[in-house]
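>>> Provided below are the primary sequence and the corresponding predicted coordinates.
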Protein chains: 2
Amino acid sequence: MSVTGPKGFTAAGLACGIKASGNPDLALVATDDGRAVPAAGVFTSNLAPAASVQRNRSHLAATGGRAAAVVLTSGNANAATGAPGLAAVDLISELAAAGLGATPEEILVCQTGLIGIPLPTAPLESGLPLLLAARLGGREAALAAATAIMTTDTVRKEALVEAAGFTVGAMAKGAAMLAPNMATMLAVLTTDALADPATLASALQASVDGSFNTMSVDGCTSTNDTVLVLASGRSGTSPTPAELAEALGTACSALSTQMVEDAEGATKVSHVHVVGAASDADAHRAARKVADSLLVKCSLNGEDPYWGRVVSELGSAGVAFDPDLVEISYGGTVVCRAGVAAPHDVAVVAAHMAGRTIELTCDLRLGSGRGAVTGTDLGHGYIDENRTTS
Amino acid sequence: MSVTGPKGFTAAGLACGIKASGNPDLALVATDDGRAVPAAGVFTSNLAPAASVQRNRSHLAATGGRAAAVVLTSGNANAATGAPGLAAVDLISELAAAGLGATPEEILVCQTGLIGIPLPTAPLESGLPLLLAARLGGREAALAAATAIMTTDTVRKEALVEAAGFTVGAMAKGAAMLAPNMATMLAVLTTDALADPATLASALQASVDGSFNTMSVDGCTSTNDTVLVLASGRSGTSPTPAELAEALGTACSALSTQMVEDAEGATKVSHVHVVGAASDADAHRAARKVADSLLVKCSLNGEDPYWGRVVSELGSAGVAFDPDLVEISYGGTVVCRAGVAAPHDVAVVAAHMAGRTIELTCDLRLGSGRGAVTGTDLGHGYIDENRTTS
């Protein structure tokens, strides 16, 4: 059911003509009565944010954290498009607000696709009334919405979490963490929990930090990355902040796992664990350095347990590090101990490297800091997907 | 002539058996009388430095910046090799010192190859006496040395700079800046200028900052990166610090250009210029972010002038940035002005993108800060070269 799973939400998806292919490119998630409910968002840190990101920030500020609907488009990022780009987002908000009986500030917008290309408004003017008319609860409507936000995605990404007395539904598109590649990461969560905007915002931030922000495909930070949550309150259940954060986090983790599994051109998923660091921050930074390393990613593609490159990345990660202490293992088999090669069963490691998921653990033996980043390998497919936009 | 061009230097190169292929893997640059002369080095910032880097630092400190010779090996990085690795470097120093009539501290060592594999000492014990016996002045000896340090290099890298009254010679191996890939960047410069160790050290650091440190292939920082200079004084000329730095810089720039032209698997060289930044530091940081971006590198591989990705990288570079001001051009043709698409002659840009060298200029229009980084594209070749060590 994903976004229509929690009580009080409808969804829709259709093709309006933004994509030249004619594939679905316009989606909606809205409250079933068109009224605004508590909402929160986490947005890209990019200093060149897309028009939709700029407007979402100001809309949430203007409403004090409330929204009636999210409109999503795919095929054009509407970033680096100047004043016409902002006007296009305003057009979406106005059309959706009029159809739902809400105010334009109660409409949030997510967009994904190519940067720097003017967004045509005719498809929006014709498509939005149809989209609003098509909104429904139930599985089909959620599927249509999740389909209409796909770009380079090869599968839909959805999640549904049944918590104690309330439900969280979610859909997403993208191939990475909240610092992903050109295809952008977008996610919309719905819940029927009772929660005020401030509680919702802090729970969402914690969920994003523990899920999307621990993944890395290429270390690039999109202009459009957005995660939104709307809370209808229809379950009548008021979870504690911790319960709410846990449920949102479970949904975000499910989506982020689906994203990395579907990462552009990847053949491997890597779980890079750093333990024994001087601090958790050090551990996370070191894990990201290893996961983002082109050389390590090439090794994973070649199923080569070349731990020397891992040592080199740890040594240049900008964290406390003693090369004479470090221990490295693949799939639990230690291949480097006290900074030098450790005797090990080569066949066991080779079998682990041949799998789809590779567990790489680095014990710095300096303290109790822990962190993990999920990444991918680097293969021909990534290049082929990203070398041209045509 | 490269390293034997300046008066007072000899060189040699041969195969001693480190490389299984039987290719040359042992090289020497030494003063012709075996006496120590002023010397300086710039080393990797990696916190897991190779044994040779550790010893070079302590040797230069012990001698107050003097050296009689540099011994270079290829095929094994002797990094992450613990105490036996340090002992292997000491063995090299002792054998070379005995042969030259110098002290072990007057011998510097550079090594390149795979990390984490014990360095066999038998090839060194048999090879070093032959190497010392083979040392000569002249072109052939310099060629032999430059050949013996190659790993994944497809061409030798040499430079010779005739300055006012003195000469600088140089050889290098590697495919990147002083933050290069697994193949490591090594460079040895010789000069017959008269210079004290402190002047030599500051001139070398400035030269490296302006050459090797403005290049990027994959953003990885090797455990072994080393640049060394020895000054025989035999020309009798005492250049000013600026003259010395300029001559060393010219040699380093020539080598770094050769490196990026020979970068592993690259089909394009990119010159990323950032102007109009709030500071030179901002400009350099932004240029590196663009040059290192996987998505930008894929676009270069595909000859796609996708400036939207460049805006996105500038916006996430951690520098002052206003997306409404930025101007971007390829080969001098402006494709983005005031943050949005600018009308331009598509054929002219396409012709520029089809060339081997791509000029990408980003004007932030915020100040007078300038910086440039030379990079490469990302193609299948890089992955193929780095996916396995076998």
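Cool, got the structure.
>>> So, low pLDDT: which residues of the stretch 201-350 of chain A?
A:219 (pLDDT under 70).
>>> residues in it within reach of chain B, list them.
A:218-223, A:293-295, A:298-299, A:301-304, A:306-309, A:311-316, A:321-324, A:326, A:336, A:338-341 (CB under 8 Å from any CB of the partner chain). Any C-beta I mention is one placed from the backbone N, CA and C, and that applies to glycine too.
>>> Just the buried residues of these.
If you count burial by 16 or more other CB atoms under 10 Å in any protein chain shown, the buried members of those come out as A:218-223, A:293-295, A:298-299, A:301-304, A:306-309, A:311-316, A:321, A:323, A:326, A:336, A:339-341.
>>> Go through those residues and flag which are in strands.
The strands, defined by DSSP state E, take in A:336, A:340, A:341 from these.
>>> out of those residues, which one sits closest to chain B?
Nearest to chain B among those: residue A:340, at 4.2 Å, using CB to the nearest CB.
>>> for the closest residue to residue A:238 other than its chain neighbours, helix, strand, or coil?
Nearest residue to residue A:238, sequence neighbours excluded (CB to CB, 6 or more residues apart in numbering or on different chains): residue A:194, at 4.3 Å. Secondary structure, DSSP: H, G, I helix; E, B strand; the rest coil: residue A:194 is coil.
>>> burial count for residue A:194?
Neighbour count for residue A:194, taken as other CB atoms under 10 Å in any protein chain shown: 20.
>>> Could you check the pLDDT of it?
Per-residue confidence (pLDDT) for residue A:194: 98.
>>> what's the helix or strand for residue A:329?
Assigned by DSSP states H and E, residue A:329 falls within strand A:327-330.
>>> Show residues contacting that strand.
Identification of contacts with strand A:327-330 by CB atoms under 8 Å, 6 or more residues apart in numbering or on different chains yields A:305, A:307, A:310-311, A:334-338, A:342, A:349, A:352-353, A:358-363, A:365.
>>> what about dumping the CA coordinates of it to CSV?
Taking Å, rounded to 0.1, in the frame of the first residue of the first chain, the C-alpha atoms of strand A:327-330 are listed here in CSV:
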residue,chain,number,x,y,z
GLU,A,327,42.6,-4.8,11.4
ILE,A,328,40.6,-5.4,8.2
SER,A,329,38.2,-8.2,7.3
TYR,A,330,36.0,-9.2,4.4
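>>> what about it, distance to the chain center?
Computed by CA atoms, centre = their mean, to the nearest Å, the chain-centroid distance of strand A:327-330 equals 29 Å.
>>> Just checking: what are the partner strands of that strand?
strand A:333-337 (antiparallel), strand A:357-363 (antiparallel) (DSSP bridges).
>>> Which of those strands sits closest to residue B:87?
Closest to residue B:87 of the strands paired with strand A:327-330 is strand A:333-337 (CB to CB; 19.0 Å).
>>> Other residues contacting the closest one?
Contacts of strand A:333-337 (CB under 8 Å, 6+ apart): A:305, A:307, A:310-311, A:326-329, A:341-342, A:344-345, A:348-349, A:352, B:80, B:116.
>>> Residues of the stretch 1-150 of chain A that sit close to chain B?
Counting by CB under 8 Å from any CB, the residues of the stretch 1-150 of chain A near chain B are A:45-49, A:77, A:79-82, A:114-118.
>>> tell me the domain boundaries of chain A?
A:2-255, A:269-386 (automatic domain parsing).
>>> ranking the ones you listed by burial, who's on top?
Compared across the domains of chain A, domain A:2-255 shows the largest average neighbour count, a mean of 22 (mean count of other CB atoms under 10 Å in any protein chain shown).
>>> Span of that domain from start to end?
Terminal residues of domain A:2-255 lie 11 Å apart, using CA to CA, to the nearest Å.
>>> just stretch A:323-337 next, same as before
End residues of stretch A:323-337 are separated by 10 Å (CA to CA).
>>> mind checking how far it is from the chain centre?
Distance, centroid of stretch A:323-337 to centroid of chain: 31 Å (CA atoms, centre = their mean).
>>> same deal with stretch A:15-27?
22 Å.
>>> OK, contacts around residue A:203?
Residue A:203 makes contact with A:40, A:195, A:229, A:241, A:244, A:245, A:248, according to CB under 8 Å, 6+ apart.
>>> Can you name the two of those that sit furthest apart?
Across the contacts of residue A:203, no pair lies farther apart than A:229 and A:241, at 13.5 Å, counting by CB to CB.
>>> How is the residue with the largest distance to the centre of chain A assigned, secondary-structure-wise?
The centre of chain A is farthest from one residue, residue A:343, which by CA atoms, centre = their mean lies 39.6 Å away. Using three-state DSSP, the structure places residue A:343 in coil.
>>> same deal with residue A:189?
At residue A:189 the chain is in strand, as set by three-state DSSP.
>>> same thing with residue A:13?
With three-state DSSP as the basis, residue A:13 sits in strand.
>>> beta partners of it?
residue A:27.
>>> after the lengthiest helix in chain A comes which helix or strand?
Identified as the longest helix of chain A according to DSSP state H is helix A:241-261. Counting by DSSP H and E, the element after helix A:241-261 in chain order, helix or strand, is strand A:269-277.
>>> Verify the stated contact: the residue nearest to residue A:238 with residue A:231.
Yes. Contact criterion CB atoms under 8 Å: residue A:194 and residue A:231 qualify, at 7.2 Å.
>>> which residues in chain A form helices?
A:51-63, A:82-100, A:122-134, A:139-148, A:197-209, A:241-261, A:280-292, A:294-301, A:307-315, A:346-353, A:380-386.
>>> Could you dump those into CSV and include distance to residue B:383?
Output for those, formatted as CSV (distance: least, CB to CB, whole Å):
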stretch, distance to residue B:383
helix A:51-63, 33
helix A:82-100, 36
helix A:122-134, 38
helix A:139-148, 32
helix A:197-209, 31
helix A:241-261, 19
helix A:280-292, 15
helix A:294-301, 5
helix A:307-315, 14
helix A:346-353, 16
helix A:380-386, 6
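>>> Among those, which comes closest to residue A:10?
helix A:139-148 (6.3 Å).
>>> which helices and strands does that closest one pack with?
strand A:9-14, strand A:26-31, strand A:69-76, strand A:157-162, strand A:167-173 (3 or more CB pairs under 8 Å, 6 or more residues apart in numbering or on different chains; DSSP states H and E).
>>> so how far is the fourth one from its chain's centroid?
Chain-centre distance of strand A:157-162: 14 Å, with CA atoms, centre = their mean.
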